[in-house]
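Peer 1: got a structure for you, letters missing:
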Ligand SMILES: Nc1ncnc2c1ncn2[C@@H]1O[C@H](COP(=O)(O)OP(=O)(O)O)[C@@H](O)[C@H]1O
Ligand code: SF4
Ligand SMILES: [Mg+2]
């Protein structure tokens with residue numbers, strides 16, 4: 001996978017999360033597994049933003065929960081500054097957790113309605129009292145509110161007194177309280193109105209340089225992460241299927257899935273729009289309990305051939321692009337990676353994917 005430009009703060013290798021599927025009430029027997037995350041690798045550099053994009057259910061939140069240690073992986077490692085945090089416990093774990101904080105998707109449900117904004121933003125100090133002396137907390141909380149563009153005098157108000165965008169600012173202030181080095185933002189703007197989304201993304205952009213933060217920024221829509229990401233990883237059914245810099249992914253995608261996602265993203269320039277073929281994916285995303293053999297995208301891929309059913313393509317730079325260099329030379333998990341979305345049968349005339357309006361849902 002494309003390496004970060006700066007020294008890595010997070011290195012994820014072979015990350016797997018399988019949830020057991022059981023049957024029977026008295027004698028529970030495992031009959032299968034939900035392969036929510038099925039072998040994910042990436043690195044995140046200091047001060048960098050990695051965008052992770054994919055349709056609903058592809059495993060993005062499960063990755064996020066493992067990164068902040070809310071869940072333990074079935075296999076694989078997550079190293080923070082070289083140390084595998086999945087093997088830590090007690091004090092050592094607590095110390096590491098301080099540096100990796102999460103911002104949640106839904107500002108309506110992730111804030112306790114009975115707590116004041118001051119208590120919500122200052123809550124991390126209850127868990128890490130060493131981060132702020134007791135007498136200094138109120139001042140710090142007010143400073144944080146100001147930093148995210150809220151009125152510090154509103155410290156005693158309750159979440160319902162704020163708009164959706166303001167509530168997400170509260171969530172971000174809480175994420176900043178311990179001065180982390182990494183913030184994992186799980187669809188931080190998906191629940192917000194389009195007009196407010198850009199404001200929150202811009203705020204996160206500004207905070208990144210101010211606080212020297214590295215972001216894992218998760219979204220289900222490629223257009224949301226473009227502005228803020230240095231690199232992007234595209235997820236499908238528990239795996240990253242293509243990864244590269246923003247230019248490599250948005251202007252030179254080589255994986256059919258990325259090409260399909262991009263063809264659904266609105267293009268502002270009408271001339272560019274005319275020249276682009278809209279790819280409509282047929283069929284539904286397979287269940288993660290029953291992942292297709294070989295390439296997991298083959299049941300919806302217009303380029304699939306026999307080889308795709310038997311051989312699982314590795315996420316690697318395709319040989320012909322590696323030799324030629326240039327922006328197509330980035331990792332893509334496809335046996336027939338190509339810069340143009342052409343194949344044996346032309347795309348765009350398949351059965352429309354339900355609910356595929358303007359991006360994956
Ligand atoms: N605790 C769990 N038990 C069983 N299955 C789960 C659990 N959490 C998530 N899943 C399943 O794992 C898959 C990935 O879920 P998730 O990570 O939430 O995807 P995303 O965030 O990309 O929408 C989904 O099929 C989901 O139903
Ligand atoms: S490996 Fe085959 S099925 Fe998978 S994306 Fe490439 S062409 Fe499509
Ligand atoms: Mg999710």
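Peer 2: Ah, there it is. The structure displayed is predicted, hence computed values, not measured ones. Ligands and ions are numbered 1, 2, ... in the order given.
Peer 1: I'd like to know how far residue 51 sits from ligand 2.
Peer 2: Using Cβ to the nearest ligand atom, to the nearest Å, one obtains 20 Å as the distance from residue 51 to ligand 2. Using the backbone N, CA and C atoms, a C-beta is placed for each residue, glycine as well.
Peer 1: What is the burial count for that residue?
Peer 2: Other residues lying near residue 51 total 25 when counted by other Cβ atoms under 10 Å.
Peer 1: for it, what are its contacts?
Peer 2: Residues near residue 51 by Cβ atoms under 8 Å, 6 or more residues apart in numbering: 217-219, 225-226, 228-229, 231-233, 246.
Peer 1: residues in contact with the spatially most central residue of the chain?
Peer 2: For the chain, residue 218 is the residue whose C-alpha lies nearest the centre (Cα atoms, centre = their mean; 2.6 Å). Taking Cβ under 8 Å, 6+ apart, we find residue 218 in contact with 51-53, 60-61, 63-64, 184-187.
Peer 1: Around ligand 1, pick out the residues from this structure.
Peer 2: 19, 34, 36, 54, 56-62, 288 (Cβ under 6 Å from any ligand atom).
Peer 1: Farthest pair within those?
Peer 2: The distance between the two most remote of these (Cβ to Cβ) is 18.0 Å, for 19 and 54.
Peer 1: Settle it for me: which of these two has more neighbours?
Peer 2: residue 54 (28 against 16).
Peer 1: So that one versus residue 218, what's the distance?
Peer 2: Separation of residue 54 from residue 218 (Cβ to Cβ, to the nearest Å) stands at 9 Å.
Peer 1: which residues are common contacts for these two?
Peer 2: Taking Cβ under 8 Å, 6+ apart as the criterion, residue 54 and residue 218 both touch residue 60.
Peer 1: Among the residues of the chain next to ligand 1, name the buried ones.
Peer 2: 19, 34, 36, 54, 57-62, 288 (16 or more other Cβ atoms under 10 Å).
Peer 1: still on that earlier bit, in strands, which of the contacts of residue 51 appear?
Peer 2: Using DSSP state E, the subset of the contacts of residue 51 located in strands is 217-219, 231-233.
Peer 1: so which of those residues comes closest to ligand 2?
Peer 2: Nearest to ligand 2 among the ones in strands among the contacts of residue 51, counting by Cβ to the nearest ligand atom, is residue 233 at 15.7 Å.
Peer 1: Can you name the element that comes right after the helix or strand bottoming out on mean pLDDT in the chain?
Peer 2: The helix or strand of the chain with the lowest confidence, counting by mean pLDDT, DSSP states H and E, is helix 270-274 at a mean of 60. Sequence order places helix 306-310 as the next helix or strand after helix 270-274, per DSSP states H and E.
Peer 1: Just the buried positions in that following helix, please.
Peer 2: Residues of helix 306-310 classed as buried: residue 308 (neighbour count, 16+ other Cβ under 10 Å).
Peer 1: again, but for stretch 318-335
Peer 2: By neighbour count on 16+ other Cβ under 10 Å, the buried set for stretch 318-335 is 318, 321, 327-335.
Peer 1: Tell me if that stretch is near ligand 2.
Peer 2: Yes - against ligand 2, stretch 318-335 shows contacts by Cβ under 6 Å from any ligand atom at 334-335.
Peer 1: Determine how far the last residue of that stretch lies from the first.
Peer 2: In stretch 318-335, first residue to last residue: 8 Å (Cα to Cα, to the nearest Å).
Peer 1: taking the contacts of residue 51 as a set, which two sit the farthest apart in space?
Peer 2: Pairwise distances across the contacts of residue 51 (Cβ to Cβ) peak at 15.6 Å, for the pair 218 and 246.
Peer 1: Find the nearest non-adjacent residue to residue 160, please.
Peer 2: residue 113 (6.2 Å; Cβ to Cβ, 6 or more residues apart in numbering).
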